[in-house]
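Visitor: Sequence and predicted structure below; questions after.
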Amino acid sequence: MKRIILLFLVAILVIPAIAMAGIIGPARVLLVDGDVMFHSPDAEDWLPAAVNTPLDESDALWTPAGSRTEIQLADGTLVRLDGDSQLDLIAVEDGFTHLHLASGRLYLRTSPNTGINSLQIDADDTTVLPDARSQLRIDMLPNSQEDVSIFKGSAYVEGNGNRTMVRAGEHIALEEGHSELLQLNPPDDWENWNSQ
């Protein structure tokens, strides 16, 4: 029994240390629900993504309608994409990750290891800089509006020439030349799926 407990403790301590050291890679796919695709700069075509597919700088993920996926960044941050979403990994450097949501909806849960200014997510006209231990979503809407909703923690949201601190229980709606800080919308299917 003591040997099993010792092996369990070693696994808890060693595996995260290996991941943080970059041996597992800067990011990897944790969940594939549907026909999730990924593209790397050295490939001509989009390829099917599978669990544990490694993702690196300049790679992209695409979730067609009816598909969803989850990836884990090197610091333990979880990123989920809904159907009809594309995420580009712009930069994956030591201590800094830069993501671009090209379309669709993203849900993010930052890890306790996420440092100040160590993660940046861009949409078309919006930049989100989340704090550690935060949960948020970014929605790119058809009318060129971008919504950033904060469920836990906080994030700086930059858009329309302004930088706004958005806190838990708030969402900011941004469209060209206008932004408005509001209370969270009622939960929808995407939010319910993420909370489960």
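Guide: Looks like it came in fine.

Visitor: contacts, neighbours, all on C-alpha from now
Guide: Fine.

Visitor: Alpha carbons of the host helix or strand of Arg137, as CSV, please.
Guide: Arg137 belongs to strand 135-140 when assigned by DSSP states H and E. The C-alpha coordinates for strand 135-140 follow below in CSV (Å, rounded to 0.1, in the frame of the first residue of the first chain):
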residue,chain,number,x,y,z
GLN,A,135,-12.5,31.9,-16.3
LEU,A,136,-13.8,33.7,-19.4
ARG,A,137,-15.3,33.4,-22.8
ILE,A,138,-14.8,35.4,-26.0
ASP,A,139,-17.6,35.4,-28.6
MET,A,140,-17.1,36.8,-32.1
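
Visitor: which helices and strands does that strand pack with?
Guide: strand 105-109, strand 146-152 (3 or more C-alpha pairs under 8 Å, 6 or more residues apart in numbering; DSSP states H and E).

Visitor: got a markdown table for the ones you listed, with distance to Glu93 too?
Guide: As requested, those are exported to a markdown table (distance: least, C-alpha to C-alpha, whole Å):
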| stretch | distance to Glu93 |
| --- | --- |
| strand 105-109 | 19 |
| strand 146-152 | 25 |
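
Visitor: Would you reformat the ones you listed as CSV and include mean pLDDT, distance to Trp193 and mean neighbour count?
Guide: Shown next, in CSV, are the helices and strands packed on strand 135-140 (pLDDT from 0 to 100; distance: least, C-alpha to C-alpha, whole Å; neighbours: other C-alpha atoms under 10 Å):
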stretch, mean pLDDT, distance to Trp193, mean neighbour count
strand 105-109, 97, 10, 23
strand 146-152, 97, 14, 22
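
Visitor: I'd say Met165 and Tyr156 touch.
Guide: Yes - counting by C-alpha atoms under 8 Å, Tyr156 is a contact partner of Met165 at 4.5 Å.

Visitor: These two: which is more packed in?
Guide: Just comparing Met165 and Tyr156: by other C-alpha atoms under 10 Å the higher neighbour count belongs to Tyr156, 18 against 15.

Visitor: which phi and psi does the spatially most central residue of the chain have?
Guide: Nearest to the centroid of the C-alpha atoms of the chain, with distances taken as C-alpha atoms, centre = their mean, sits Val79, at 2.9 Å. Torsion angles at Val79 (phi, psi; degrees, to the nearest 10) stand at phi -120, psi 130.
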